[in-house]
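Asks: any chance you can model this:
(one chain, ligands or ions: 1)
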Amino acid sequence: MSAIPYAPAPESVRPRLRTSYDLFIDGAFVAPRDGSRHVTINPATHEPITEVSHAGVADVQAAVDAASGAFPAWSALPGAERGKHLFRLARILQERARELAVAETLDGGKPIRESRDIDLPLVAAHLFYHAGWADKLAYAFAGRNPRPLGVCGAVIPWNFPLLMAAWKVAPALACGNTVVLKPAETTPLTALLLAEIAQEADLPRGVLNVITGGPETGAALVRNPGLAKVAFTGSTAVGKAIATELAGTGRRLTLELGGKAANIVFADAPLDQAIEGIVNGIYFNQGHVCCAGSRLLVEESIADVVLAKLARRVRTLRVGDPLDKNTDVGAINSPAQLARIRALVASGVEEGATLHQSDCVLPDRGNWFAPTWFTDVAPAHRIAREEVFGPVLAVMTFRTPDEAVELANNTRYGLSAGVWTDKGAKALRIARRLRAGVVWANTFNQLDPTSPFGGMRESGFGREGGMAGLREYVEL
Ligand code: NAD
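Replies: Residues are numbered from 1 along each chain as shown. As a prediction, this is how the structure comes out:
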C-alpha cells in the first residue's frame, strides 16, 4: 500500500444535515426536556459533524407514551395499508440512498463503497421484504391468529447503524407494533434521517420514534414498563444486563450480541476465492462486524501457501479516506474502540503470538488501525478468545476435520462460521457440527432479508430476517 500514491477522489454528494437535531417523538422533532446535547464527530478527521440530543428519562417516557398512543390505530390498520407505508419508506430511502450512504460513512468511518453498495441496498431490501409480509401474516402463521405485541424498544450499535435500525423497525411495523428506536451515541445520524423520511412518507405520528443518547438513554428505554418487547443488538456485557433487567417482567426480548467466528479453510478449498473470503471476513467494515471471521482455521498442509497469499493480498488493501470510493478499509469508529483494539493487539504480542501488519501509511488525523493478522496463536490467547471488533485476524492451524470443528466450537460465542472446501457433502457435514447460528460455505458475511440471522450461547437468542424473524414480533 505504501507504494500506491494517495490521490483521494472523495464522494461529492453531501447529505442535507441540520446544525442541530432534536428528538423525534410523536411525529415531530422536539427539544429534549431533561436531556443535554452532544456533538457527533467524524472518526476519519475528528471534525464535528452536527449536534444531537441526549434523551433523559422524561424524554424516553414521552417517546414510549407516543408509541403507546399510536399503537391502537396502527395495529388496527389493515395489513395492506401498513405495507403501503413501509413500501413508501423503502422507496424514499432508495431515492435518498446516496445521501444516506454518505451520512453513514461520515458518522461511522466505513468506506463509502460499503455503505453505498452493501448497507443501503440491504436496508431497502429489508423494508421491501417486510412490507410484503404485512398483509400475509395470517398465511405466515396460518390458524395461529398472529397479533402484534405493542411498543417495541429497539437499541442498536454503531457498526451498521441504518441496517440494524431496518432489521428491527421493518418487521416490528409490518406486524403492527410501534417502535422507539435508540441509535448508538457515535452514529446517530442515519436514524435521525430515517425519522425525517418517516415524516416525508406521512407515517402516522408516534408509530416510529427516534431518541438519541448514550447508555443511560438505552438503559432508561429498556427499563420502561410501557414496552412489550426489547430488541437489542450490541455487546454481550450489555445484553446480559438487559436480560437480567427483563427477567420475570413478561416482556419479550431478542439479543444479537458479539461473536468470534471461525473461518475454516480445508486443503481442498478454492484457494484464491478463500483468500478473498478471509479478507472480506475480517477487514470488511474495519472488522467492526459481529459475525466477522476473526479466527482463521487453516489446514496445516496449506498454511504456508495461504499465509503467503494472505500477506500479499492484505498489502493491497487501501486504507484511508472513507469517502474515497477506492478505499477498502476506513476509520475506526471511535477513540475508545481504537484503544480496545490496541490493547488486545498488545496482549497478543505479550502472550507470544507473532504480529503481522500491512505496511500502509495511515492518515495523520482520525482513528486508524492497519490491517493486522497474528500467527502462532494458541486457543488460550486473548486474541483467540475475545472479540476484538477491529481489523485483527488470529490464525491457527488444524490437521483433521474433527480438530477443525473442536477449535471452531471452542468459544463462548456462537454467531457465525465459514467453511471452505470444494466438496459439498463435506461442507454440509462440517456445518451441521458447528455451533453457530449462521454458517457460510465458500463465502462469508452474506446477509439477506429472507435468511434468519442470530446467535446461540453468548451471541444471544432470537432471529432477525425471514419468517423466524417475523415470529419475534407477533403473539400467536
Ligand atoms: P454496546 O453494547 O456498548 O452498545 C450498543 C447499544 O446499546 C448502544 O446504542 C448503547 O448506547 C446501548 N447501551 C449501552 N449500555 C446500555 C445499557 N446498559 N442498557 C441499554 N442500552 C445500552 O455495543 P457497541 O459497542 O455499540 O457495539 C458493538 C457490539 O455489538 C459488539 O460486541 C458486536 O459484536 C455487537 N453486534 C452484534 C450484532 C449481532 O447481530 N449479533 C450486530 C452488530 C453488533
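Asks: sec struct for the most far-flung residue of the chain relative to its centre, please.
Replies: Largest separation from the mean C-alpha position in the chain: Ser301, at 34.8 Å (CA atoms, centre = their mean). Of the three states, Ser301 takes helix under DSSP: H, G, I helix; E, B strand; the rest coil.
Asks: number of nearby residues for the closest residue to it other than its chain neighbours?
Replies: The shortest distance from Ser301 to any non-neighbouring residue, by CB to CB, 6 or more residues apart in numbering, is to Ala267 (5.1 Å). No exception for glycine: its C-beta is placed from N, CA and C like everyone else's. Using other CB atoms under 10 Å, Ala267 has 16 other residues around it.
Asks: report the separation between Ala267 and the ligand.
Replies: Distance, Ala267 to the ligand, by CB to the nearest ligand atom, to the nearest Å: 31 Å.
Asks: could you check the pLDDT of Thr236?
Replies: Note for Thr236: predicted pLDDT of 95.
Asks: my read: it touches Glu458, true?
Replies: Yes: taking contacts as CB atoms under 8 Å, Thr236 lies within contact range of Glu458: 5.0 Å.
Asks: mutual contacts of these two, please.
Replies: 257-258, 413 (CB atoms under 8 Å, 6 or more residues apart in numbering).
Asks: which one of those residues is nearest to the ligand?
Replies: Taking CB to the nearest ligand atom as the measure, the ligand lies nearest Gly258 of the shared contacts of Thr236 and Glu458, at 3.5 Å.
Asks: ok, that closest one - contacts?
Replies: Residues in contact with Gly258 (CB under 8 Å, 6+ apart) are 235-236, 290, 387, 389, 413, 415, 458-459.
Asks: just give me the residue right at the centre of this protein.
Replies: Judging by CA atoms, centre = their mean, the chain has its centre closest to Phe160, at 4.0 Å.
Asks: tell me the SS of the nearest residue to that residue once chain neighbours are set aside?
Replies: Closest residue to Phe160 apart from its sequence neighbours, by CB to CB, 6+ apart: Asp119 at 6.1 Å. Per three-state DSSP, the secondary structure class of Asp119 is helix.
Asks: okay, now Asp119: neighbour count?
Replies: 26.
Asks: list the contacts for it?
Replies: Asp119 sits next to 101, 104, 110, 160, 162-163 when contact means CB under 8 Å, 6+ apart.
Asks: restricted to helices, list those residues.
Replies: 101, 104, 162-163 (DSSP state H).
Asks: make JSON lines from these and add pLDDT, distance to the ligand and neighbour count to it.
Replies: As requested, these are exported to JSON lines (pLDDT from 0 to 100; distance: CB to the nearest ligand atom, whole Å; neighbours: other CB atoms under 10 Å):
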{"residue": "Ala101", "pLDDT": "97", "distance to the ligand": "18", "neighbour count": "28"}
{"residue": "Glu104", "pLDDT": "98", "distance to the ligand": "14", "neighbour count": "28"}
{"residue": "Leu162", "pLDDT": "98", "distance to the ligand": "12", "neighbour count": "30"}
{"residue": "Leu163", "pLDDT": "98", "distance to the ligand": "9", "neighbour count": "22"}
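Asks: is it possible to get JSON lines of these that adds distance to Ser115?
Replies: Compiled in JSON lines, the ones in helices among the contacts of Asp119 are given as follows (distance: CB to CB, whole Å):
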{"residue": "Ala101", "distance to Ser115": "4"}
{"residue": "Glu104", "distance to Ser115": "4"}
{"residue": "Leu162", "distance to Ser115": "8"}
{"residue": "Leu163", "distance to Ser115": "9"}
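Asks: close to the ligand: what parts of the protein are there?
Replies: 155-159, 182, 184-185, 214-215, 218-219, 222, 233-235, 238, 241-242, 256-259, 290, 387, 389, 415, 455, 459-460 (CB under 6 Å from any ligand atom).
Asks: which of those residues fall in strands?
Replies: 155, 182, 233, 256, 460 (DSSP state E).
Asks: contacts only, for the residue in the stretch 151-300 of the chain that the ligand sits nearest to.
Replies: Going by CB to the nearest ligand atom, the ligand is nearest to Gly218 of the stretch 151-300 of the chain, at 2.3 Å. Listed by CB under 8 Å, 6+ apart, the contact set of Gly218 reads 155, 182, 238.
Asks: Thr190 and Thr105 touch, don't they?
Replies: No: contact between Thr190 and Thr105 fails when scored by CB under 8 Å: they sit 10.1 Å apart.
Asks: start to end distance for stretch 458-476?
Replies: One end of stretch 458-476 sits 27 Å from the other (CA to CA, to the nearest Å).
Asks: list the buried residues for that stretch?
Replies: With burial defined by 16 or more other CB atoms under 10 Å, the residues of stretch 458-476 counted as buried are 458-466, 469-474.
Asks: again with stretch 85-96
Replies: Those would be 85-94, 96, for stretch 85-96 by 16+ other CB under 10 Å.
Asks: quick one: average pLDDT of that stretch?
Replies: Rounded mean pLDDT across stretch 85-96 is 98.
Asks: distance from the chain centre to that stretch, please.
Replies: Taking CA atoms, centre = their mean, to the nearest Å, one finds the center of stretch 85-96 at 21 Å from the center of the full chain.
Asks: where does the protein dip in pLDDT?
Replies: Scanning the chain for pLDDT under 70 picks out 1-9.
Asks: spatially nearest residue to Leu297, not counting backbone neighbours?
Replies: Take Leu297 and drop its neighbours on the chain: the residue closest to it by CB to CB, 6+ apart is Ile264, 4.6 Å away.
Asks: now swap in His288 and tell me
Replies: That would be Asn159: by CB to CB, 6+ apart, it lies 4.1 Å from His288.
Asks: residues contacting that neighbour?
Replies: 108, 285, 288-290, 333, 389.
Asks: could you redo the last one with a cut-off of 7 Å?
Replies: The contact partners of Asn159, taken as CB atoms under 7 Å, 6 or more residues apart in numbering, are 285, 288-289.
Asks: determine the longest helix present in the chain.
Replies: helix 57-76.
Asks: chain center to it: distance?
Replies: 26 Å.
Asks: before we move on, the earlier item: which members of the buried residues of stretch 458-476 occur in strands, if any?
Replies: Going by DSSP E, the strands hold 460-461, 474 from the buried residues of stretch 458-476.
Asks: buried ones in stretch 332-346, by neighbour count?
Replies: 332-334, 337-338, 340-341, 344-345.
Asks: quick one: contacts of that stretch?
Replies: So stretch 332-346 is contacted by 43, 108-109, 158, 186, 286, 288, 367-369, 372, 382-383, 386, 388-390, 392 (CB under 7 Å, 6+ apart).
Asks: out of these, list just those in helices.
Replies: Short answer: these in helices (DSSP H) are 108, 382-383.
Asks: could you dump those to CSV with neighbour count?
Replies: Listed next are these as CSV, based on neighbours: other CB atoms under 10 Å:
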residue, neighbour count
Gly108, 31
Arg382, 17
Ile383, 25
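Asks: Throw those residues into TSV and include distance to Ala140, thanks.
Replies: Converted to TSV, the ones in helices among the contacts of stretch 332-346 look like this (distance: CB to CB, whole Å):
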residue	distance to Ala140
Gly108	34
Arg382	44
Ile383	43
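Asks: since that was my last question, I'll sign off now.
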